[in-house]
Every structure is written in C-alpha cells, then in structure tokens.
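Novice: What follows is a predicted structure for the sequence shown.
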Amino acid sequence: MHENEIGSAVVDCAVALHRDLGPGLLETVYEVTLARALERRGLSVQRQVAVPIEYEGETFAEGFRADLTVESKVLLELKSVERVTPAHKKQLLTYLRLTGLKLGYLLNFGEALMRDGISRTINGTLEPIPLSPRDSVRGNDLREVFSQRHKGSEDLTL
C-alpha cells in the first residue's frame, strides 16, 4: 500500500475518532483507539516505537519514541493540546529524517474540529502512485491517459 493511501485511511480514522470521542482526552486514549481503528482496516500498526539515533559515531538505543507507525511507512505524532506550535511540526520532520520515512502526520486531538488539527509532512518526495491499475495494464502513455481524462481542457499541457 502506498503512503498516500495509508494517509487517507489515517485521516478518515482520526476524523471519525475525534467525532465519536470529542477533543481533550489524554493522548494515550487517542493513540490506542486510533491504532485499533487502523488495524480494523487491515493495516499493520506499531505503538511507541523506539527509534535509535546515532551521534558522533555512537548509537543510542532510544533516541525517541514514535507514537504510531503504520505499515512501517507512515509516522504519526499525536497531540492533545489547545494549539500546535511550530516546534511540534519541526519535531515531526526531525522524526521523519531520523527514521528515513517519507510521510508523517501530526494529529492534534485537542482542536475543536479535527480538520484543524491535521498537519501532513513530507520528508523529501513521495513516489508517484499509478493513475489506476487499468492504465498501467494497458500500457497507456501517461500523456494519453491524462488527455483522455481531461478532454475539453485545452490549456492543460504536460
């Protein structure tokens, strides 16, 4: 499963969870319930993953703990605070760099509306996902597929 597909499942589950439980509970409540919701969707989830770091040639077994990792591809940092700060977003990017993962979400369950509590961070670039299985099976050129899907859009060029 591609990172973006995992990310869609994460956002769907986080919004549903926030709608059902509401804001302001302890972070651990959201962590355990979000992990279970993602597992019910058939995703592999790890909680409180110890991530080693290397500094000055020495490896430290526990540099930090990632709240959740999904399919060993997407890192989730959970908060339950009134407002996310720029430091929280920098923390997520640092975690992504240290793990080598490409996609992470900062999910703040303390917001009144969950959509205001979702921050998506990309470390580097994500691999593109195929337009659809039928396009790659037929061997269509991407320009042809794009133009077929957007007929009437004369201004669009590739």
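Specialist: Now that the structure is in, tell me what you want to look at.
Novice: Dump the C-alpha coordinates for the longest helix along the chain into CSV.
Specialist: Taking DSSP state H as the criterion, the chain has its longest helix at helix 3-21. Extracted C-alpha coordinates of helix 3-21, given in CSV (Å, rounded to 0.1, in the frame of the first residue of the first chain):
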residue,chain,number,x,y,z
GLU,A,3,2.0,6.2,1.7
ASN,A,4,-0.8,8.4,0.3
GLU,A,5,-3.4,5.5,0.6
ILE,A,6,-2.3,4.9,4.2
GLY,A,7,-2.5,8.7,4.8
SER,A,8,-6.1,8.7,3.6
ALA,A,9,-7.0,5.9,6.0
VAL,A,10,-5.3,7.7,8.8
VAL,A,11,-7.2,10.9,8.2
ASP,A,12,-10.5,9.1,7.9
CYS,A,13,-10.0,7.2,11.1
ALA,A,14,-8.7,10.3,13.0
VAL,A,15,-11.8,12.4,12.0
ALA,A,16,-14.2,9.6,12.9
LEU,A,17,-12.4,9.0,16.2
HIS,A,18,-12.5,12.7,17.1
ARG,A,19,-16.2,13.0,16.1
ASP,A,20,-17.0,10.0,18.3
LEU,A,21,-14.9,10.8,21.4
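Novice: list the helices and strands that helix packs on?
Specialist: Applying 3 or more CB pairs under 8 Å, 6 or more residues apart in numbering; DSSP states H and E, we find helix 3-21 packed against helix 27-40, strand 58-70, strand 74-79, strand 103-108, strand 118-122. C-beta: built from backbone N, CA, C; applies to glycine.
Novice: residue contacts, the closest residue in space to Met114 that isn't next to it in sequence?
Specialist: Of all residues beyond its chain neighbours, the one nearest Met114 is His18 (3.8 Å), with distances taken as CB to CB, 6 or more residues apart in numbering. Taking CB atoms under 8 Å, 6 or more residues apart in numbering, we find His18 in contact with 109, 114, 117.
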